[in-house]
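K.L.:
Build me a structure from this.
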Amino acid sequence: MGFVADLLLATGAFAAALYCYLLSNRLKRFNALETGMGGAIAVLSAQVDEMTRALDAAKGASQASSAALEDQLQRAEAASSRIELLLASLHDLPDDRETGAEAEPRRARFIRRRADRSSLRVAE
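P.N.:
Down below sits the predicted model:
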């Protein structure tokens, strides 16, 4: 009876060793960096790193654009308030029809000025 128990124990140990050997080979193929899942995982990891850097760059650019847009918005609001003030002040001006004055077309005047000749040097 002891011999049969030893034989079953040896057979079990041999089966476990064979199973470990097969799993080892499968794990090596799985982790191969060039052809297996390890290569795919390495490529995906590199792509995730690139996408993270691109996302950080896009975030920085969008924050800069947002700041520039905010500045332009403030300038536009200031200009809008100035234009509203000017329009309000135009409503206070008297109308030419109310004063009885006829509107005369204005002619453009051009003024020509001569250059100051005292600063010119004479060629010898």
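K.L.:
how much distance is there from the longest helix seen in the chain to the middle of the chain?
P.N.:
Counting by DSSP state H, the longest helix found in the chain is helix 37-91. Counting by Cα atoms, centre = their mean, to the nearest Å, helix 37-91 is centred 7 Å from the centre of its parent chain.
K.L.:
same for it, what does it pack against?
P.N.:
With contacts defined as 3 or more Cβ pairs under 8 Å, 6 or more residues apart in numbering; DSSP states H and E, helix 37-91 has no helix or strand neighbours. Quick note: C-beta positions are derived from backbone N, CA and C, even for glycine.
K.L.:
Mind checking the pLDDT average for it?
P.N.:
When pLDDT is averaged along helix 37-91, the result is 92.
K.L.:
One more: stretch 111-124?
P.N.:
Computed over stretch 111-124, the average pLDDT equals 64.
K.L.:
Pull out the buried positions in stretch 68-86.
P.N.:
Buried residues in stretch 68-86, counting neighbours by 16 or more other Cβ atoms under 10 Å, are absent.
K.L.:
cool, stretch 26-43 as well?
P.N.:
Quick answer for stretch 26-43: no buried residues (16+ other Cβ under 10 Å).
K.L.:
End to end on it, go ahead and measure it.
P.N.:
Using Cα to Cα, to the nearest Å, the end-to-end distance of stretch 26-43 comes out at 21 Å.
K.L.:
hmm, who's touching it?
P.N.:
Stretch 26-43 has contacts (Cβ atoms under 8 Å, 6 or more residues apart in numbering) with no other residue.
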